[in-house]
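Participant: Let me see the structure of the following:
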Amino acid sequence: MAEIKSSIEIAMEKTKHLIMSEEEKKEQEKRDLENKIRALLRRLKEKFIEKDDVVKEFNSLRDNNQKRIFVKVALDELSLAEENEEIISVLALIDKDIKLKADTGLKAMKKAFNEELEKREMIMKERIREKLMKMGLQGDALTINVEAWEEWSEAITEVNGIFTRRLEEWKESVIKDLRF
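Facilitator: Numbers count the residues shown, from 1 in each chain. All right, here's what the predicted structure looks like:
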């Protein structure tokens, strides 16, 4: 059943933007800018726009605070489970040190992340194989699908948690070292 609103509630919803405090307006502007940047980066990842277009948008920002927000949002889009080359190439055009930090810190972290997942996958396959053998299932035709086991999703969650903290620390160091 639909909620019935009074005339006062409807009027307050329509005039909500008129009674925002300055702090609320600034926060709304920040959220709007963050959403605009996320959409821009999504279009870059999907190859609908070129990195030069993203850099132009960055250069059109009014002040250094907005530029920092841009870099922070771009860094938040980085993931160890995905390729990040498009975003890193844009960030490298904005600040050359980010490319260096990405080549060293981020790539090493991504490599360690993948190695840890592979190691856990091998351990998990052996545990599953042992469980299946106890159940009387074995043979050359038997292939282990770790993704179908609950223990695998728990292992992924654990590894993500460990590396997410490291990635967040890396992002904070990049933001701290920005020169604008």
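
Participant: residues of stretch 167-180 that come out buried?
Facilitator: Residues of stretch 167-180 classed as buried: Leu167, Trp170, Lys171, Val174 (neighbour count, 16 or more other Cβ atoms under 10 Å). C-beta: built from backbone N, CA, C; applies to glycine.

Participant: Next up, the contacts around Lys72.
Facilitator: Lys171, Ile175 (Cβ atoms under 8 Å, 6 or more residues apart in numbering).

Participant: Distance check, it against Ala112.
Facilitator: 24 Å (Cβ to Cβ, to the nearest Å).

Participant: From Ser89, how far out is the most centrally placed residue in the chain?
Facilitator: Residue closest to the average C-alpha location in the chain (Cα atoms, centre = their mean): Glu77, at 3.6 Å. Distance of Glu77 to Ser89, given as Cβ to Cβ: 13 Å.

Participant: Same check on Ile4?
Facilitator: Applying Cβ to Cβ, the value for Ile4 to Ser89 is 53 Å.

Participant: neighbour count winner among those two?
Facilitator: The neighbour comparison of Ile4 against Ser89 (other Cβ atoms under 10 Å) goes to Ser89, with 15 against 6.

Participant: chain center to the strand or helix carrying the more buried one, what's the gap?
Facilitator: When elements are assigned from DSSP states H and E, Ser89 belongs to helix 85-94. How far helix 85-94 lies from its chain's middle: 15 Å, per Cα atoms, centre = their mean, to the nearest Å.

Participant: Check which residues of the helix or strand following it are buried.
Facilitator: Using DSSP H and E, the helix or strand that follows helix 85-94 in sequence is helix 96-101. Across helix 96-101, burial judged by 16+ other Cβ under 10 Å covers Ile98, Lys99, Lys101.

Participant: Report the lowest-confidence entry in these.
Facilitator: Of all the buried residues of helix 96-101, Lys99 has the smallest pLDDT value, namely 84.

Participant: Distance to Arg38 added to the buried residues of helix 96-101, as a markdown table?
Facilitator: Below are the buried residues of helix 96-101 laid out as a markdown table (distance: Cβ to Cβ, whole Å):
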| residue | distance to Arg38 |
| --- | --- |
| Ile98 | 18 |
| Lys99 | 22 |
| Lys101 | 22 |
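
Participant: Assign Thr104 to helix, strand or coil.
Facilitator: Classification of Thr104 using DSSP: H, G, I helix; E, B strand; the rest coil returns helix.
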